[in-house]
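[1] Fold the following.
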Amino acid sequence: MAATLSKDSGLRLFYFVFACLLYSIWRPVDLLVRVELTGEYEHSPMVTADNTLTLLKKETGIG
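    The predicted structure is shown next:
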């Protein structure tokens, strides 16, 4: 988990809710990608942060 030194409770709540939202979006995307590519679903993720960052670097040239 990312550490924040902010004492602002609103900001800390935003970080928490934003992280939960990203995770909630990532899980169905991972499921859909795995089912589309392999036709089955296992518990280990196919869409990882490393795969995503590599794809973004390749497509945008940033990094």
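[2] ok, residue 8 - contacts?
    Counting by C-beta atoms under 8 Å, 6 or more residues apart in numbering, residue 8 touches no other residue. Where C-beta positions appear, they are placed from N, C-alpha and C, glycine not excepted.
[3] What score does it have for pLDDT?
    In this model, residue 8 is scored at 85, pLDDT.
[4] how about residue 22, phi and psi?
    phi -60, psi -40 (degrees, to the nearest 10).
[5] I'd like to know how many residues surround it.
    10 (other C-beta atoms under 10 Å).
[6] Least confident secondary structure element in this protein?
    helix 49-60 (a mean of 82; mean pLDDT, DSSP states H and E).
[7] Would you mark the buried spots in it?
    Neighbour-count burial for helix 49-60, counted by 16 or more other C-beta atoms under 10 Å, picks out no residue.
[8] hey, where'd the helices end up in this structure?
    In the chain, the helices defined using DSSP state H lie at 9-38, 49-60.
[9] quick one: average pLDDT of stretch 23-41?
    The pLDDT scores in stretch 23-41 average 82.
[10] What about the residue nearest to residue 26 when sequence neighbours are not counted, how many residues nearby?
    In space, and not counting its chain neighbours, residue 26 is closest to residue 47: 7.0 Å by C-beta to C-beta, 6 or more residues apart in numbering. Using other C-beta under 10 Å, residue 47 has 16 neighbouring residues.
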